[in-house]
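Novice: fold the following for me, if possible:
(chains A and B)
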Amino acid sequence: MGSLIAKRAGLGLLTLWLVSVLVFAGTEILPGDVAGAILGQSATPESLAALRSELGLDVPALQRYFDWLGGILTGDMGRSMASGQPVAGLLWPRFWNTMALAAYAGVIAVPLAVGLGILAAAKRGTIFDRAANIAALAFVSLPEYFLGLLLVLWLSVKTGWLPSLADTYEGMGLAAWFNATTLPMLVLVMVTMAQILRMTRTTVLGVMDQPYIETAFLKGLKNGRVVMRHAAPNAAAPIVNVVSFNIAYLITGVVLVEAVFNYNGLGRFMVDAVSKRDLPMVQAAAMIFGAAYVILNMIADIAAIALNPRLRHPRGKEA
Amino acid sequence: MSDILRIRDLRVATAEGVELLHGVSLDLEQGEILGLIGESGAGKSTIGLASMGYGRGGCRISGGSIELAGHDLASSTRSEREAVRGARIAYVAQSAAAAFNPAHRLERQIMEGPLRHGLMTAGEARAWMIELFTALGLPEPETFGRRYPHQVSGGQLQRAMVAMAMSCKPDILVLDEPTTALDVTTQIEVLLLLRETIRKYGTSALYITHDLAVIAQVADRLMVLRHGAEVETGTTEQILAAPREEYTQRLVSERQASLNAEAGAHHRTGEEILRVDRVSAAYGKTPVLHEVDLSVKRGETVAIVGESGSGKSTLARLVSGLLTPSAGQVRFDGEALPESYRKRAPDLLRRIQLIYQLPDVALNPRQTVGETIGRPLQTFRGLKGRAQRDEVARLLDLIGLPVEMAGRLPGALSGGQKQRVCIARALAAEPDLMICDEVTSALDPLVAEDILRLLRKLQDELGMTYLFITHDLSVVRRLADRTVVMQKGRIVEEADTATLFDAPGDPYTRKLLDSVPQLDRGWLDKVLAARAS
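Specialist: Numbers count the residues shown, from 1 in each chain, chains lettered A, B, ... in the order given. Next up, the predicted model:
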């Protein structure tokens, strides 16, 4: 099993490297460059060339790639072309903002969704099962910005319970932070819960058709115990997979939610950087998104390997 | 007389309301083993499960009563049924590999029953489990339970399943084909231990099987079932020696014939058509065939027998080009056969046809019988339109199906009819060699007998050459000119079928032959006595 995990981890690193190549190549072929964006329409060819050489854009692409990659590996993400400040100093606070919101939503959504999914499977065909399914379908089919606006309308404009803008700043109290971020958290919880819940329910139901579940019933076990002890462990691997996929979404896919609530996260950071053609900022943000996806998927795959009793306890060896 | 289980006029229906059991009654005495015998769809398993108050896949008890130690399960509540299941009446499934939960250790699953039912303390449950492991001859009984299901062999797992069923010291065991999925040499071990365990603890049992010879060794009485109703019931001796009903007579005589038929066939054979020359093969890095030699002559039937893992199916895959050898060569009609089917010319593909074990999955469910048979007629022989329809009709007639069947989808056919269509599809290509991979294993005995008769008829009429892959020695006995015995990827013996059955040369062949249950109540005891001496 160790070698399998090492192999998967190696594959993850390889994917990360490929991501770096794609990110760099992708930003290289973006139309226009930062020099043009800074100088605007009045730029003369001479002033453009001067600015390009000042920003290091005249060096061959391959060399710039390796310089950039080396920088990233040592924690130096270069300087913003627009403001001249180090990218790291601008990016990390935004990254932690995104992580904080993702954690807030994830801690609530994941256990709730998995729990409700298992419950829906155990109570297959009941009112509860149908209600959970319909609610999940509704949430997953509504666009998240629309859900966000609906929540703003009800919980903020009409009732005034929560602020409509997720204004956060350094040094704000914990209570204030929760107050500010609860609305975007609710949107994220709704969107991610739906998929996890449905996937959990489907997986557990698939396992419930297995002959060993019949064995458990024929031993006289109660429905709840059969679902929790005999079905759930065998459904774990696909559930871990969909959970990690949704956590990756919480980190990388929240641009729209951040925009609706004006939240200072990494998604908006990237959108701003793209519109300014600020390549080092775009590259750094893209690398972080890529790394989050790759690492979370890797964790899910490794967990699936570790959860498989056949791999955990190989045939040849004694338990 | 103390009846521990009394079933009266039991009716079971599916969720859609189709009745599967049409009023069956039976009594089971303390310590008695009642055999339920019949073909698939006879309702044997349905009775077994219903006696536990359980219906598979939405089936429900629609009438009658099931009195277990004085209480009627048919009219009981869910929690009353749960209290009885596992505790007073327990189930042993055909496939222990599927019936054990892969995520938990054996001991956790075996001790779960007594602990959940509150019958024993953890210490008592463990001690009883170890006693059962010992009685069932499992290795290292003290620590055997620490293993996961995938860490033990099929025969061991089947015995562990018996231990799980016995874990609550139930009054009744429902044994649903408990040895059917095992190899013959393993089956005899499990059968012996099963019988001893049941006798030792005075448990009663409903023993469900389709194999008369197996049930003859263990059952006190037999109930013959067909289409969800009782055919007849009697003592084992009476049913075997003097069956009253015509259906039972056919069952018994078919089994008798399969065991006592004169061994071996003698076909007029021509030149060599297939030669396998020192062929080895591997799945990944695991070698599965070791320098196998084989020769088949035109018009003859060569059987390859062996238990699971012997490499017999691998050999079939090699000849048909689904697997490439790691060493050696296969020659067909004097010429080297390209290793992969992809490299074989269409005409070469036509000349070697394969028939599978499972007719259910070997037919495309969305193609009618006519389309299925018509496809090879078009690709291999260029027949279209009217000529194709005529040929389909001729083939259907040849395999004994009415012409109207051409318009049917496989879903509307029985298992035996599907296998006939598979044979017709192979015949449509006018092959020189037919590879039959366990073609009768998934079929009921009487249906299997029909298929074998058909294959024999085709050979007599068309001079067909068969390479027959099977684990069933009675099939070999009735069909093959020559027999090749394989074990662990090697050929251990090859001989004329009659010679092999009369005077097996290799100890493994003898063990295989001796392990085939005979239609004789004392057979198992004789084997036991022979071993002791």
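Novice: what's the helix or strand containing residue B:330 packed up against?
Specialist: Using DSSP states H and E, residue B:330 sits in strand B:327-332. Under the contact definition 3 or more Cβ pairs under 8 Å, 6 or more residues apart in numbering or on different chains; DSSP states H and E, strand B:327-332 sits against strand B:272-283, strand B:286-297. Where C-beta positions appear, they are placed from N, C-alpha and C, glycine not excepted.
Novice: what's the closest of those to chain A?
Specialist: strand B:286-297 (12.4 Å; Cβ to the nearest Cβ).
Novice: correct me, but residue B:313 touches residue B:468?
Specialist: No: if you go by Cβ atoms under 8 Å, residue B:313 and residue B:468 don't touch, sitting 12.0 Å apart.
Novice: okay, these two: which has more neighbours?
Specialist: For residue B:313 and residue B:468, the more surrounded residue by other Cβ atoms under 10 Å in any protein chain shown is residue B:468, and the numbers stand at 27 against 20.
Novice: where does the more buried one fall, phi/psi-wise?
Specialist: The phi and psi values for residue B:468, taken as degrees, to the nearest 10, are phi -100, psi 110.
Novice: quick one: it and residue B:475 touch, right?
Specialist: Yes: contact criterion Cβ under 8 Å: residue B:468 and residue B:475 qualify, at 7.3 Å.
Novice: find residues that contact each of these two.
Specialist: Counting by Cβ atoms under 8 Å, 6 or more residues apart in numbering or on different chains, the shared contacts of residue B:468 and residue B:475 are residue B:303.
Novice: ok, now which ones touch residue A:49?
Specialist: residue A:58.
Novice: quick one: contacts for the residue nearest to residue B:322 when sequence neighbours are not counted?
Specialist: Using Cβ to Cβ, 6 or more residues apart in numbering or on different chains and skipping the chain neighbours, the partner closest in space to residue B:322 is residue B:341 (6.5 Å). Contacts here follow Cβ under 8 Å, 6+ apart; on that basis residue B:341 touches B:320, B:321, B:322, B:349.
Novice: cool, and residue A:282?
Specialist: Contacts for residue A:282 were tallied using Cβ under 8 Å, 6+ apart; they are A:27, A:270, A:273, A:274.
Novice: pretty sure the third one contacts residue A:285?
Specialist: What that stands for is residue A:273. Yes: counting by Cβ under 8 Å, residue A:285 is a contact partner of residue A:273 at 6.3 Å.
Novice: the more surrounded of these two?
Specialist: Legend: neighbour count by other Cβ under 10 Å for residue A:273 and residue A:285, higher for residue A:285 (27 against 24).
Novice: which parts of the helix or strand encompassing the more buried one are buried?
Specialist: According to DSSP H and E, residue A:285 maps onto helix A:279-307. The neighbour-count check on helix A:279-307 (16 or more other Cβ atoms under 10 Å in any protein chain shown) flags A:279-305, A:307 as buried.
Novice: let's verify the residue in chain A sticking out farthest from the centre: helix, strand, or coil?
Specialist: In chain A, the greatest distance from the average C-alpha position (Cα atoms, centre = their mean) is reached by residue A:46, at 43.6 Å. With DSSP: H, G, I helix; E, B strand; the rest coil as the basis, residue A:46 sits in helix.
Novice: pLDDT value on it, please?
Specialist: For residue A:46, the model assigns a pLDDT of 81.
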